[in-house]
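1. my questions concern the predicted model and sequence given below.
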Protein chains: 2
Amino acid sequence: MSDTTYEAFLARVREIGQLASIESLLDWDSETYMPPNGLGVRAEQLALLASLGHQRRSDPRLGELLDQLEGRVSDPVQLTNVREVRRLHDRAVKIPEDLVRRISRASTLAKAAWAKARAESNFPAFAPHLRELLELKRQVADCLGHGGDRYDALLDEYEPGADSAQVAALFAALREPLSRFVRQLQAAPRQPDPSILRRRFPREAQERFARRLAAAIGFDFQSGRLDVSNHPFCSGTGSGDVRFTTRYREDFFNAAIFGVLHEAGHGLYEQGLDPQHAFTPMGQAVSLGIHESQSRLWENFVGRGRPFWDHFYGECQREFPEALGGVPLDSFHAAVNHVAPSMIRVEADEVTYNLHIVLRFELERALLAGQVAIEDVPSAWNQKMNELLGVTPRNDAEGCLQDIHWAMGIFGYFPTYALGNLYAAQFFEAANAAIPDLSDRLRRGDFQTLREWLRSNIHIHGQRYRPDELVARISGRPLSIEPFLRYLSDKFAPIYGL
Amino acid sequence: MSDTTYEAFLARVREIGQLASIESLLDWDSETYMPPNGLGVRAEQLALLASLGHQRRSDPRLGELLDQLEGRVSDPVQLTNVREVRRLHDRAVKIPEDLVRRISRASTLAKAAWAKARAESNFPAFAPHLRELLELKRQVADCLGHGGDRYDALLDEYEPGADSAQVAALFAALREPLSRFVRQLQAAPRQPDPSILRRRFPREAQERFARRLAAAIGFDFQSGRLDVSNHPFCSGTGSGDVRFTTRYREDFFNAAIFGVLHEAGHGLYEQGLDPQHAFTPMGQAVSLGIHESQSRLWENFVGRGRPFWDHFYGECQREFPEALGGVPLDSFHAAVNHVAPSMIRVEADEVTYNLHIVLRFELERALLAGQVAIEDVPSAWNQKMNELLGVTPRNDAEGCLQDIHWAMGIFGYFPTYALGNLYAAQFFEAANAAIPDLSDRLRRGDFQTLREWLRSNIHIHGQRYRPDELVARISGRPLSIEPFLRYLSDKFAPIYGL
């Protein structure tokens, strides 16, 4: 009996997953190929998909099936799917369908408004959208319930099990050592020259080289694509179809090259999921923090590492002979690791990056709590930038309009980026322990050993282990800031001659 | 009361239309940007959408709403929507959902198999897919019911009101005059030299020129796109987002240039629909035959006409100076109107084109009736080619594998192409009567007058008038082959010096 019940349950779960995968394709299309006037139709399509998905997640019949299965399934696959769908279902029944539909429609329009507002550096044009989405997400948080902090209810969607007090504690612990380390580096005897990365890097060469790197670390272009969009992202619509994007800037090496390594890192996670569990929790990524650990690991721990450029720098010079032909490897490697407070999160170095997240975390909490008014967002942003990083944006495009997230109706997501850095450090330390000659392998261009290690330890498990469980399984310890701080110090000391 | 009932009805109808628009976007993506390994996921997604659409079309609650509305609505918009949704509903309730899902999944896989089989000219590799789809569509025809000829049940889906006896009669009447005319042209004193169209036409110039032509006739690229695919098509996902495709052959002028005019003609119909009626019959094209009339009108009646090239030939020569720099307009215009039996339908001239359709119509009917076995399709095809056009394909790629339709599970669709030619002739005659200086306008590059005439007489009405009604309203007469034969004779006599 339980078998038929489980099959009936699984059919429903797969349909929910399929609807989400369709939504994801439409989102991808909206950012890449949709013509400008397609927006109205797209908003309707996405709102319909959001409400169809919500109907299925909150369906009382799904609740009954869960009731029947709980306590009666025992194998890990079934246990995982039942546990995670219970979580989805319990959240969904609390949220009215109309609210889901309104958020979907509002965010489709807000994304377009954001793109325009950012291009014109015009925050007031985006403000009404932000106000509407914030209000809608407040309602979501209240529907879900929380112990006084709406932020917790939202954060939990992206990082199951995390709460804002825990995040705030991690961030508080990071703040001082990071600031101290930035000052140490700024006073260090050796200083990288990042201007070499601002020379001219022809677009075609960038694209060719970026594709080459993504393929080298293992991204399978038969099962995915690379396209161009305003705000880089990676979207998985099943392990056979993983799409990521980038943007090319001819006057800046890092944007596309490290952007591609980052998004391809996300892509490797998606491509590494188990296709036999497609559309079910066992075949889906466990959390956004863990997802980000994979992108940051390939972008920074590997991609900004010395072994990586020992392997690729010759090829890189051949692709960009004018810009890099006369630049020694040491100078190049130092330049891509230049640490300096800057405006744009996605282009921030590894040391200051988390401070960008602290800013967003604090500002989002204040916004949700009504402690900062919408019209004061630009000034609050700039003030925090000054406080945390000692720099002030010249305009809102490089300030509070730089990220797409709020326009997507996403609040409580940013902390997962900082958690991703911490996870990545803890995983990379474990990988180095498990593969003692990892550096040599990377230097030889063997990325497969690390990728397979990540796949068998993380990707293939889908949502079987919650983030904290996964970290403990892999590293033997709970998540902490120590591996990350150790990594920074070990890495930057030689570069800066400390 | 009726107002709330109608609103409830309309909400359901719009959802059906939105699901179809999502399906259409996924189909477009499958043919343009989907990575090869995305096929499995895509098949699942499309099968889900097909069954969601079918559930809604066949929903008994929709039937109840129709019962309540019929006889109680009076304005033309409501009357149209109720009448056409009744038709959809009555068809849908006869077909089991499982069959719909199986056809969707089978056709997604068949399309990929067809592309490969065609590339390798390997009919046996495609045969099992054809067998499966044919069997599934036989079941559909039997579910729908028919008076002994399954073909009628299928044809009616694409051309409401048409039946195969009527089509067979039109084709019988066309066959002899067309064959005679071909012979006359082949013996004519003046013969075009089509080899000038087989020179080298650089791809970038083709793309630029094709976009220029599409924009000139009025295709709005803010509300649509042009991309590349194996088999050109146009798909509308709402008037703000109309996408068409083409393929470029550097050794053949016609493929992309006339292909684009053809698909852009479809696109103008979609963009000309009334956006206030989006996702409902009043905002959707009336039939595939009428759709084809719009594409053929722009491709041939306008695009292969002398006034069009009086206007564009200078520009064309500047785009292709090597190939056409020394070719006089007369020779060019004659070449694009060269009449000769050939293998490929989409590249056939206006005189022989309908004979390609006759072949498919006869073969499809025989296949559905079980009079031709699947494995005999290639030989049956080749024999008919010989009989109708006097030529024999060298392989199946230029024979029975040339069209994607069967792989899409589409049988009974081809006649709409020939009907499209007949409609186009009758509409173009009416347009010339309504706009006496139309030729001069086209020669001056004024395409707007004709486009607006088509929009206000055809596009804007959506499904308000059935095809036969529309033809009668516009031309004052029922559809006949006379305007088409008159058009051919008037056009080709001067070119061939008859």
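-> Yep, that arrived.

2. any regions of the stretch 201-350 of chain A where pLDDT drops low?
-> Nowhere does the stretch 201-350 of chain A drop to pLDDT under 70.

3. now do the helices in it.
-> A:203-217, A:253-272, A:288-296, A:306-319, A:321-324, A:329-335 (DSSP state H, counting those that start in this stretch).

4. of those, which is nearest chain B?
-> Chain B lies closest to helix A:253-272 among those, at 9.4 Å (Cβ to the nearest Cβ). The way it works is simple: take the backbone N, C-alpha and C, and place the C-beta from them, glycine included.

5. show me which residues of that closest one are buried.
-> The neighbour-count check on helix A:253-272 (16 or more other Cβ atoms under 10 Å in any protein chain shown) flags A:253-272 as buried.

6. touching chain B at all, that helix?
-> No. Judged by Cβ under 8 Å from any Cβ of the partner chain, helix A:253-272 makes no contact with chain B; its nearest approach is 9.4 Å.

7. please compute how far that helix lies from its chain's middle.
-> Relative to its parent chain, helix A:253-272 has a centroid offset of 10 Å by Cα atoms, centre = their mean, to the nearest Å.

8. got the domain boundaries for chain A?
-> Using automatic domain parsing, the domains assigned to chain A come out as A:2-121, A:164-496.

9. out of these, nearest to residue B:59?
-> Comparison of the domains of chain A against residue B:59 by Cβ to Cβ identifies domain A:2-121 as nearest, at 14.3 Å.

10. OK, now which residue of the stretch 251-400 of chain A is nearest to chain B?
-> For the stretch 251-400 of chain A, Cβ to the nearest Cβ, closest residue to chain B: residue A:278, 7.0 Å.

11. picking that back up, distance to residue B:285 added to the domains of chain A, as CSV?
-> Compiled in CSV, these are given as follows (distance: least, Cβ to Cβ, whole Å):
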stretch, distance to residue B:285
domain A:2-121, 16
domain A:164-496, 29
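
12. so who does residue A:196 touch?
-> Residue A:196 makes contact with A:323-324, A:327, A:331-332, A:335, according to Cβ atoms under 8 Å, 6 or more residues apart in numbering or on different chains.

13. hmm, try it at 10 Å
-> By Cβ atoms under 10 Å, 6 or more residues apart in numbering or on different chains, the contact list for residue A:196 reads A:253, A:323-324, A:326-327, A:331-332, A:334-336, A:338.

14. that one and residue B:388, how far apart?
-> As judged by Cβ to Cβ, to the nearest Å, residue A:196 and residue B:388 stand 69 Å apart.

15. repeat that for residue A:253.
-> 62 Å.

16. what does residue A:293 give?
-> With distances taken as Cβ to Cβ, residue A:293 is found 65 Å from residue B:388.

17. between the two, who's got more neighbours?
-> Comparing residue A:293 with residue B:388 by other Cβ atoms under 10 Å in any protein chain shown, the one with more neighbours is residue A:293, at 31 against 20.

18. pretty sure that one contacts residue A:423?
-> Yes. Residue A:293 is in contact with residue A:423 according to Cβ atoms under 10 Å; the separation is 3.5 Å.

19. hey, what's in contact with both of those two?
-> A:287, A:416, A:458, A:467, A:470-471.

20. residue A:61: neighbour count?
-> Residue A:61 sits with 11 neighbouring residues when counted by other Cβ under 10 Å.

21. any idea which helix or strand carries it?
-> Element membership for residue A:61, per DSSP states H and E: helix A:60-69.

22. nearest residue to the residue nearest to the spatial centre of chain A other than its sequence neighbours?
-> Centroid-nearest residue in chain A, with Cα atoms, centre = their mean: residue A:292, separated by 4.3 Å. With Cβ to Cβ, 6 or more residues apart in numbering or on different chains as the criterion, residue A:292 has its nearest non-adjacent residue at 2.5 Å, and that residue is residue A:420.

23. count the neighbours of residue A:444 for me.
-> Neighbours of residue A:444 using other Cβ under 10 Å come to 12.

24. nearest residue to it in space, ignoring adjacent ones along the chain?
-> residue A:311 (6.9 Å).

25. what about stretch A:3-13, average pLDDT?
-> In this model, stretch A:3-13 has a mean pLDDT of 96.

26. return the set of buried residues in that stretch.
-> Taking 16+ other Cβ under 10 Å as the criterion, stretch A:3-13 shows A:5-6, A:9-10, A:12-13 as buried.

27. and chain B, is that stretch touching that?
-> No. Counting by Cβ under 10 Å from any Cβ of the partner chain, chain B has no neighbours in stretch A:3-13; the shortest distance is 10.8 Å.

28. per-residue pLDDT, residue A:142?
-> 95.

29. and it, its phi and psi?
-> The phi and psi values for residue A:142, taken as degrees, to the nearest 10, are phi -70, psi -40.

30. tell me the spacing between the residue nearest to it when sequence neighbours are not counted and chain B.
-> Spatial nearest neighbour of residue A:142, chain neighbours left out: residue A:150 (7.1 Å); criterion: Cβ to Cβ, 6+ apart. Going from residue A:150 to chain B by Cβ to the nearest Cβ, to the nearest Å gives 32 Å.

31. pull the contacting residues for residue A:150.
-> A:137-142, A:144, A:164, A:365, A:368-370, A:411-412.

32. may I see the ChimeraX selection of the buried members of those?
-> Per 16+ other Cβ under 10 Å, the buried members of the contacts of residue A:150 correspond to this ChimeraX selection:
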select /A:137,138,139,140,141,144,164,365,368,411,412
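
33. among the contacts of residue A:150, which ones are in strands?
-> Among the contacts of residue A:150, no residue falls in strands (DSSP state E).

34. could you dump the contacts of residue A:150 to CSV with distance to residue A:213?
-> What follows is the contacts of residue A:150, written out as CSV (distance: Cβ to Cβ, whole Å):
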residue, distance to residue A:213
A:137, 37
A:138, 42
A:139, 43
A:140, 39
A:141, 40
A:142, 45
A:144, 41
A:164, 36
A:365, 37
A:368, 39
A:369, 43
A:370, 45
A:411, 33
A:412, 32
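
35. looking only at pLDDT, what's the mean for stretch A:175-184?
-> Here the average pLDDT along stretch A:175-184 is 93.

36. now tell me what touches it from outside.
-> When contacts are defined by Cβ under 10 Å, 6+ apart, stretch A:175-184 is touched by residues A:171, A:339-341, A:349, A:351-355, A:358, A:388-390, A:481, A:484-485, A:488-489, A:492-493, A:496, A:498.

37. so what's residue A:83 up against?
-> Residue A:83 neighbours (Cβ under 10 Å, 6+ apart): A:66, A:70, A:73, A:281, A:463-464, A:466.
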